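Undergrad: turn this into a model:
(chains A and B)
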Amino acid sequence: MIAPESFELDDIEGHASAVSEDVAADQEDAVREAAHSCPEQAILITEGTA
Amino acid sequence: MSIDDVVSDSDRKKNRYHFDRHTPEYRTQFEKITEEIHDKCPVAWTDTYDGHWVAGGSNAVFELARCPVVSNDHDINGERQGYQGISIPKAKRVSGVRGGILEMDEPEHRIYRTVLNPYLSPAAVKRWVPFIDEVTRACLDEKIEEGRIDFVDDLANIVPAVLTLAMLGIPLKNWAIYSEPVHASVYTPEHSPDIDKIVAMHRQMGLDLLTNMIEIRENPRPGIVNGLIQMRIDGEPAPDLEIMGNLGLVIGGGFDTTTALTAHSMEWLSQHPDQRERLSRERDTLLDSATEEFLRYYTPAPGDGRTFSDDVELEGTQFKEGERLWISWAMANRDPSVFHEPNKIVMDRKGNRHFSFGLGVHRCIGSNVARTVFKSMLTAVLDRMPDYVCDPEGTVHYETIGVIQGMRNLPATFTPGSRLGAGLDETLNKLQRICDEQELALPITERKETAVID
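TA: Next up is the predicted model:
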C-alpha cells in the first residue's frame, strides 16, 4: 500500500477504505500518490481550508 | 425513427485494424501494434475470429471493463443469451465448462466471489508467507550447490502451484499433476503433435480434482474446495460443474500467470545487473513499486474477452448487443497518456495505475497471492544467487502471447552456495503436516494466525 497509515484493508473482502475523513498533514503527499495510483480511480480528495 | 438515426455497420466500424493476438507477430511486433492502435483508434473493429472489437486505449479499457452492459457470461448450454465468455475465439478444450466467476455476471458472480474472498484477501494471503518462503527455500536448495537453475522449471512453476494446492486443500505432493498440464496447455497450439499428450495430462488433472472433491465432500477438510462444497444458494448446494469451473479458474489463474511474471522479471534483471543490484540494496523502498512496474510492463494475462449485453455508445463508438470485445490490459498498460515512457521499465515509477489485474467487479481475486509469491521468489534469488546470469541460448519464450505472456525455459548460472535445509520432497511432506495440524487452509473468518514453520 502506498499510504498504509491513511487506509485500511478489510480482512475478508480485501477492500480498502479511508481511516478518517481528514488526512493528517504529514500524510498528504502519500494520499495524493495513492489517489494518483489507484487503478479503479476510486480515491477522491477534497481540498479544504483547515 | 428516421433514416438519419440508423447508423450503418460500416460507419460504426470505421476504425478498422487487423488484429490477431494469436499470431507470433503479435509478440514480436507488440510495441508497434500497440502504438498504432493508440494513435489511430482506442477502440477498433477487426474481422478476425468472426469479427470483434479491440479496446487498447486506457480510457476505453477503463470504461468498457466497468461498463454494466459488458458481459462476462459463458452460456455453455444455451440457457440465456448464448454468450461465449472470456475467450476469443472460444477455446476448444475448455468449452464444456464455464470458467468460474470470471465467466459469470451479477448476481451469480457475487455469490461465488463472496465464498472465495476470505481465502484470498490480503489478510488471508499474509498468513501463508512463512509457508511460501519455505517452498521457495527448498526449490533453491535443490539447485544451489550445482550453480545452475531453470527459473521456470525449478522455481516459478513450483511455488505458485504448491501454494494454490495448499489453499484448495489438495495434497501438496500432487503439484506436478496440476502444474505440467496447466503450463503446457497454454503454450501448446491445438495443431501441435504434443496436443494428445497434453489433453491426456489435463484429463488426469481433472480426475485428481474430482477425486479430491468427492473425498472432501465425504470427509471435509479446510480449503477452497470445501468452501465451494459447503456454500448454499437459496438453500441448495452449488452445481458440481460450477464448483469445478471455479476450481479450474483458481488453478489456471494461480499457476502460469505468476510463473510468467517471475520469469520475465528475472530475465530483465539479468540483462540489467546494475538495476538488480539497486533493487536488492533498496528493496525496502523499491520492491513494491518494482513489482507493480513488472506487472505493468509484462502483463502476464494480456486481456479478456467480453460480450455486449445491450446497445451502448462509449468513447464515440456505438456497440450493438451480442458483439464481442477484446479488452487489452497489455495495450492499455503502454498508453503514453497514463504512463510516461511506457515502453521503459522504471522500477520506482509513480502513479502506476496499471491494468494487469483487470478492473471493476472482475478484478483479479488472486492479485495478492501473485504479488506475495513473486516477492518471495525474487528476494530469495537476490539473496542466494545475486550474480545469476540467464542463458539467452536456452531461454524459450511462448511463441504466442494470446492467452499468457509466458516463458517455457529460463536457464541461468550463478556462483554455487550452500543448502539451508531439506530438499523439495521432504519439505513438502513437512509442510503437508503443518497444513493439516494448523489448518492453514481455513478462511480468514475462521483462522487469523500466521503459519508457523517448525
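Undergrad: any idea what the closest residue to residue B:12 other than its chain neighbours is bridged to?
TA: Among residues not flanking residue B:12 along the chain, residue B:318 sits closest, at 5.0 Å (Cβ to Cβ, 6 or more residues apart in numbering or on different chains). Where C-beta positions appear, they are placed from N, C-alpha and C, glycine not excepted. On the basis of DSSP bridges, residue B:318 is bridged to residue B:313.
Undergrad: quick check, pLDDT for residue B:318.
TA: pLDDT, residue B:318: 94.
Undergrad: distance check, it against chain A.
TA: As judged by Cβ to the nearest Cβ, to the nearest Å, residue B:318 and chain A stand 25 Å apart.
Undergrad: skipping its backbone neighbours, what lies nearest the residue of chain A most remote from its centre in space?
TA: Distance from the C-alpha centroid of chain A, by Cα atoms, centre = their mean, peaks at residue A:12 (19.1 Å). Spatial nearest neighbour of residue A:12, chain neighbours left out: residue B:118 (5.0 Å); criterion: Cβ to Cβ, 6+ apart.
Undergrad: list the contacts of the helix or strand containing that neighbour.
TA: If you go by DSSP states H and E, residue B:118 is part of helix B:108-120. Contact with helix B:108-120 is made by A:12-14, B:72, B:100-101, B:104, B:124, B:167, B:223-224, B:227-228, B:231, B:233, B:238, B:242, B:246, B:250, B:361-362, B:365-366, B:368-369, B:441, B:443-445, as judged by Cβ atoms under 8 Å, 6 or more residues apart in numbering or on different chains.
Undergrad: buried subset of those?
TA: A:14, B:72, B:100-101, B:104, B:124, B:167, B:223-224, B:227-228, B:231, B:238, B:242, B:246, B:250, B:362, B:365-366, B:368-369, B:441, B:443-444 (16 or more other Cβ atoms under 10 Å in any protein chain shown).
Undergrad: let me know the average pLDDT across the host helix or strand of residue B:130.
TA: For residue B:130, the host element (DSSP H and E) is helix B:129-144. For helix B:129-144, the mean per-residue pLDDT is 98.
Undergrad: next one: stretch A:31-50
TA: pLDDT averaged over stretch A:31-50 gives 88.
Undergrad: next one: stretch B:327-337
TA: 97.
Undergrad: what's the answer for stretch B:257-267, then?
TA: 97.
Undergrad: check which helices and strands the host helix or strand of residue B:209 sits against.
TA: Secondary structure assignment for residue B:209, by DSSP H and E: helix B:195-218. Contacts defined by 3 or more Cβ pairs under 8 Å, 6 or more residues apart in numbering or on different chains; DSSP states H and E place helix B:195-218 against helix B:175-187, helix B:224-230, helix B:240-271.
Undergrad: what angle separates the following helix or strand past the last one from helix B:240-271?
TA: In this case it means helix B:240-271. With elements assigned by DSSP H and E, the helix or strand that comes after helix B:240-271 is helix B:273-281. When axes from the mean of the first three to the mean of the last three Cα atoms, to 10 degrees is applied, the directions of helix B:273-281 and helix B:240-271 differ by 120 degrees.
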